[in-house]
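1. With the input below, show me the fold.
(one chain, ligands or ions: 1)
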Amino acid sequence: LKPRPSTEPESDIASAVRQGLGRSPRALPPWLFYDARGSELFEEITRLPEYYLTRAERSILETHADSIVQWAARGTEERLHVVELGAGSAVKTGVLLEAIVRRQGRALYVPVDISETALQDATLRLQREQPNVEVRPVAATHEAALPAIRAVGPRRMVLFLGSSIGNYEDNEAISLLQTVSRALAPGAALLLGADRRKDPAVLLPAYDDAAGVTAAFNKNLWSRLNRELWADFDLDAWRHVALWNDERSQVEMHLESTRPQQVHIRALGERYHFAQGERVHTESSVKYDRPRIEHILRSAGFVPEAVLTDPEDRFDLHLGRFIGA
Ligand code: AVJ
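-> Numbers count the residues shown, from 1 in each chain. Sure, this is the predicted structure:
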């Protein structure tokens, strides 16, 4: 293995890691989790008994699919097209797509995701299970997907599910939704999933499960850097930490160094020292009350028109109408 020639620009991954480990305290962006293995582990998380988010949101979609589609289509005769940010395996979306097909016979679905493997699986499965849905996958970050969103034509329905918005600070969430809305016409519909603020005794196990799947998901970040940036992280010298930050109303995941150590990241040409107990912040998952989400929606040009909740009152699905910037 030769180090990358210095004239070549660094990959997005390399520069994100260089930046994140150069900062104090150290922090890495959560999109780095989602290599093929990371996407698989996340799917496993969604099936854990402790991780109620996915089940709660799915139950909302199953109960209300037809009325959601009716609401989204209100005021237009045009066909609805669906764009989903962070589609992943798109299992939950199937319920909505079925409702759309019931209403208008067929549907165009544009799943956007950073993981190509997850997109491929989703596309193949939908093509098999829902032949009336045309799938046009886009492998990109949310921000880079705008041209694809524009290309789907009028009357779009944008899905941002699973409380993925919780990875962003409010001002970042607002600017992401604003960016997306630049590709929307007034009247477009946004479905925004948001996990609610609740007892940390419920929240924390969802991010530190008994089977250790979330710990493996967190640590897979180091495996990815070992493989893709020729690093030498010793996975046994790191501990998964999930904690509740009450002031910021967020669950945080960190990787904590269990001893003093040096890590060589060859593709960066850097050696990093980690103290015993030093933490690298790998993810924040904000937990919301309704006014906070409604503020985000309004700030990005969406009118919050309705909120749907699961029977156990844990998770909200907000319906926002785009009225223009
Ligand atoms: C995909 C960002 C919504 O924050 O709950 C799950 C990711 N991280 N367990 C979340 C995640 C650890 C998940 N989101």
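2. List the neighbours of the strand or helix carrying Pro291 that are in contact with it.
-> Element membership for Pro291 (DSSP states H and E) is helix 290-299. Residues outside helix 290-299 that contact it (CB atoms under 8 Å, 6 or more residues apart in numbering): 165, 170, 173-174, 177, 190, 192, 194, 303-304, 307, 316, 318, 320. Using the backbone N, CA and C atoms, a C-beta is placed for each residue, glycine as well.
3. mind listing what whatever helix or strand comes next after that helix pairs with, with the direction of each?
-> Of the helices and strands lying after helix 290-299 in sequence (DSSP H and E), the nearest is strand 302-309. Paired neighbours of strand 302-309 in the sheet (DSSP bridges): strand 315-322 (antiparallel).
4. hmm, back to that, buried sites along the helix holding Pro291?
-> Arg292, Ile293, Glu294, Ile296, Leu297 (16 or more other CB atoms under 10 Å).
5. For the ligand, what's the nearest residue on the stretch 151-300 of the chain?
-> Residue of the stretch 151-300 of the chain nearest the ligand, by CB to the nearest ligand atom: Ser285 (3.4 Å).
6. which strands and helices sit next to the one helix or strand that residue maps to?
-> Ser285 belongs to strand 279-286 when assigned by DSSP H and E. Helices and strands touching strand 279-286, as assessed by 3 or more CB pairs under 8 Å, 6 or more residues apart in numbering; DSSP states H and E, comprise helix 213-228, strand 250-257.
7. what does the protein put close to the ligand?
-> The chain has residues Ile45, Leu53, Gly162, Ser163, Ser164, Gly166, Asn167, Tyr207, Thr214, Phe217, Glu283, Ser285 near the ligand, with proximity defined as CB under 6 Å from any ligand atom.
8. now, which of these sits nearest Leu61?
-> Leu61 lies nearest to Gly162 out of these, by CB to CB, at 11.0 Å.
9. mind checking how far the closest one is from Gly324?
-> 27 Å (CB to CB, to the nearest Å).
10. next one: Arg197
-> The value you get for Arg197 to Gly324, if CB to CB is used, is 31 Å.
11. Of these two, give the one with the bigger neighbour count.
-> Arg197 (16 against 11; other CB atoms under 10 Å).
12. dump the residue contacts of the more buried one.
-> Neighbours of Arg197 in contact, by CB under 8 Å, 6+ apart: Ser249, Lys287, Tyr288, Asp289.
13. now the helices: where do they sit in the chain?
-> Per DSSP state H, the chain carries helices over the ranges 12-22, 36-46, 52-73, 93-104, 116-129, 146-151, 170-181, 200-206, 213-228, 290-299.
14. Could you export the ones you listed as CSV, including mean pLDDT?
-> Formatted as CSV, those follow (pLDDT from 0 to 100):
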stretch, mean pLDDT
helix 12-22, 96
helix 36-46, 95
helix 52-73, 97
helix 93-104, 95
helix 116-129, 92
helix 146-151, 86
helix 170-181, 95
helix 200-206, 98
helix 213-228, 98
helix 290-299, 98
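15. which one of the ones you listed lies closest to Pro311?
-> Nearest to Pro311, of these and by CB to CB, is helix 52-73 at 6.7 Å.
16. what's the angle from that closest one to strand 302-309?
-> 130 degrees (axes from the mean of the first three to the mean of the last three CA atoms, to 10 degrees).
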